[in-house]
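K.L.:
how does the following fold in three dimensions:
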Amino acid sequence: MADRLRTRGHPAAITAVSRAIESERPPHALLLIGPRGSGKTTLAMDLAAGLLCLAADPAARPCRACAACRKVDRGNHPDVHRIAPEGAGDQIRLAQVTGLISELALLPMEGRRRVAIVTAAHRMNPDAQNALLKTLEEPVGAATIVLCADDQAPILPTVVSRSARLRLGTVAIPAVEALLVAQGMADPPRARVAALAAGGLPGLAMTIAAHPESTLVADRLVRQLLDLLGADRRTRLGTVASLVADGATLDAALRGEPDTTGEEEAAAEAPTKRRGTTPRSAAPAASRKPQPAERRRAAIRVIDAWRAVGRDLAVVDRGGRAQVRRMDLLEDLEAVAPHVDRAALLAFLDRLDGMGAAIEAYANPELVMDHLVLSWPHLERAA
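P.N.:
Okay, here's the model as predicted:
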């Protein structure tokens with residue numbers, strides 16, 4: 001069965017989903033937890049296809065050939081329901097969840113059951129979660145609810161406790177490369193670049209491969225972060241606007257949307273690659289005021305890039321150059337790594353996770369960025 005699933009990597013999760021399909025007794029609620037781009041939604045759709053497949057033998061589901069499988073793949077099966085964050089706050093709201101519950105209470109239209117997929121379930125507001133909790137406590141109808149969450153922390157403990165849980169992480173780089181090549185999204189050299197840039201996250205690698213222009217913005221952002229190691233307090237604070245601008249441009253590129261907030265102009269002011277230069281501040285020449293959801297997504301993109309840079313610095317510091325993800329930055333990383341305090345770097349990486357959660361919980365993105373640029377380790381004078 002595993003070869004008929006779209007999900008790659010995550011053998012334990014694939015095995016669990018395969019068993020749920022074959023037994024025809026899936027959990028009423030399944031919580032998939034893992035970083036963005038790890039393949040949670042793909043796995044949820046695999047489960048939906050398997051549960052709705054028309055093949056007579058459960059072990060042959062999903063067959064990927066019947067009418068039900070084709071409808072699931074096209075996204076138009078009437079028994080598959082999806083909700084995702086929306087609106088200025090980028091939330092999943094009470095009205096969305098109550099509408100979903102009403103749909104699940106009805107008999108399936110074509111299949112044996114209904115399947116609901118909640119994308120970015122960690123963005124459900126408290127009212128929406130409490131409404132969902134009632135359904136989890138008293139299941140109605142033949143339905144399976146799949147919650148896809150980047151982080152478990154924002155989800156109510158009572159919701160978590162009433163859901164079966166599967167964790168997804170990163171996938172081996174060669175497996176991600178093979179996936180991109182097999183799907184015709186990139187040739188081998190470009191596939192490796194995308195897989196490394198995504199840090200082994202299949203979904204993110206596919207997005208990068210589909211939007212190659214995003215790698216240019218990501219490269220500019222990463223080099224700004226490296227330059228900040230040698231910058232003073234005033235310069236660091238002055239660079240926040242440029243970092244957020246690049247984060248917004250990167251987010252727009254990865255989402256396949258035009259960058260209409262003016263961040264691209266500000267990002268053009270970013271420093272070029274020269275070790276020892278200090279970053280220049282750049283204020284966004286916005287053509288319109290960015291919405292709160294855009295600012296939040298931009299800050300999270302910066303944090304993701306920061307985490308990748310910090311991780312590579314830590315790897316180089318321990319002599320593990322073969323495990324560096326950004327090999328094009330190896331020379332720069334090796335030049336600065338000996339002059340970065342190891343304890344300070346590890347403490348900063350721990351802080352990043354907390355700051356990402358704070359932004360998800362509606363902390364001011366710019367204030368979080370101010371805190372992070374000041375907490376980012378400084379190069380020792382010997383550098």
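K.L.:
hey, let's count contacts and neighbours off CA atoms from now on
P.N.:
Will do.
K.L.:
just checking, Ser375 touches Asp350?
P.N.:
No: if you go by C-alpha atoms under 8 Å, Ser375 and Asp350 don't touch, sitting 11.4 Å apart.
K.L.:
pick out whichever of these two has more residues nearby.
P.N.:
Per other C-alpha atoms under 10 Å, whichever of Ser375 and Asp350 has more neighbours is Ser375, with 16 against 12.
K.L.:
neighbours of the closest residue to the more buried one other than its chain neighbours, just the number please.
P.N.:
Excluding the flanking residues, the one nearest Ser375 by C-alpha to C-alpha, 6 or more residues apart in numbering is Phe348, at 6.7 Å. As a burial measure, Phe348 scores 19 neighbours (other C-alpha under 10 Å).
K.L.:
relative to Val115, how far out is Phe348?
P.N.:
Using C-alpha to C-alpha, to the nearest Å, Phe348 is found at 41 Å from Val115.
K.L.:
now swap in Ile300 and tell me
P.N.:
Taking C-alpha to C-alpha, one finds Ile300 at 30 Å from Val115.
K.L.:
and these two? Which one has more around it.
P.N.:
Val115 (28 against 24).
K.L.:
which residues does that one bridge with?
P.N.:
With DSSP bridges as the criterion, Val115 is bridged to Val80, Thr144.
K.L.:
now do the contacts for it.
P.N.:
With contacts defined as C-alpha atoms under 8 Å, 6 or more residues apart in numbering, the neighbours of Val115 are 48, 79-81, 104, 143-146.
K.L.:
so, low pLDDT: which residues of the stretch 101-250 of the chain?
P.N.:
Within the stretch 101-250 of the chain, no stretch has pLDDT under 70.
K.L.:
ranges for the helices of it?
P.N.:
With DSSP state H, counting those that start in this stretch, the ranges of helices along the stretch 101-250 of the chain come out as 126-137, 157-161, 173-182, 188-197, 202-210, 214-228, 233-238, 240-254.
K.L.:
possible to save those as a markdown table with distance to Arg36?
P.N.:
Formatted as a markdown table, the helices of the stretch 101-250 of the chain follow (distance: least, C-alpha to C-alpha, whole Å):
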| stretch | distance to Arg36 |
| --- | --- |
| helix 126-137 | 21 |
| helix 157-161 | 19 |
| helix 173-182 | 15 |
| helix 188-197 | 14 |
| helix 202-210 | 7 |
| helix 214-228 | 16 |
| helix 233-238 | 28 |
| helix 240-254 | 12 |
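K.L.:
got a markdown table for those helices, with mean neighbour count and distance to Gly320 too?
P.N.:
Putting the helices of the stretch 101-250 of the chain into a markdown table (neighbours: other C-alpha atoms under 10 Å; distance: least, C-alpha to C-alpha, whole Å) gives the following:
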| stretch | mean neighbour count | distance to Gly320 |
| --- | --- | --- |
| helix 126-137 | 16 | 43 |
| helix 157-161 | 14 | 37 |
| helix 173-182 | 20 | 16 |
| helix 188-197 | 21 | 15 |
| helix 202-210 | 23 | 23 |
| helix 214-228 | 20 | 19 |
| helix 233-238 | 16 | 29 |
| helix 240-254 | 26 | 28 |
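K.L.:
which one's the longest helix in this protein?
P.N.:
Determined from DSSP state H, the single longest helix within the chain is helix 292-317.
K.L.:
so how far is that helix from its chain's centroid?
P.N.:
Centroid separation between helix 292-317 and its chain, computed with C-alpha atoms, centre = their mean, to the nearest Å, is 12 Å.
K.L.:
could you point out the helix or strand that follows it?
P.N.:
Per DSSP states H and E, helix 292-317 leads on to helix 330-336 as the next helix or strand towards the C-terminus.
K.L.:
buried sites along that following helix?
P.N.:
Residues 330, 332-334, 336 are the ones in helix 330-336 that count as buried (16 or more other C-alpha atoms under 10 Å).
K.L.:
give me the mean pLDDT for it.
P.N.:
Mean pLDDT, helix 330-336: 88.
K.L.:
so which elements touch it?
P.N.:
With contacts taken as 3 or more C-alpha pairs under 8 Å, 6 or more residues apart in numbering; DSSP states H and E, helix 330-336 sits against helix 292-317.
K.L.:
would you mind getting the angle between the helix it packs on and helix 240-254?
P.N.:
Per axes from the mean of the first three to the mean of the last three C-alpha atoms, to 10 degrees, the angle that helix 292-317 makes with helix 240-254 is 100 degrees.
K.L.:
now the helix or strand hosting Ala16: buried residues?
P.N.:
Of the helices and strands defined by DSSP H and E, Ala16 is found in helix 11-23. Under the neighbour-count criterion of 16+ other C-alpha under 10 Å, helix 11-23 has 13-14, 17-22 buried.
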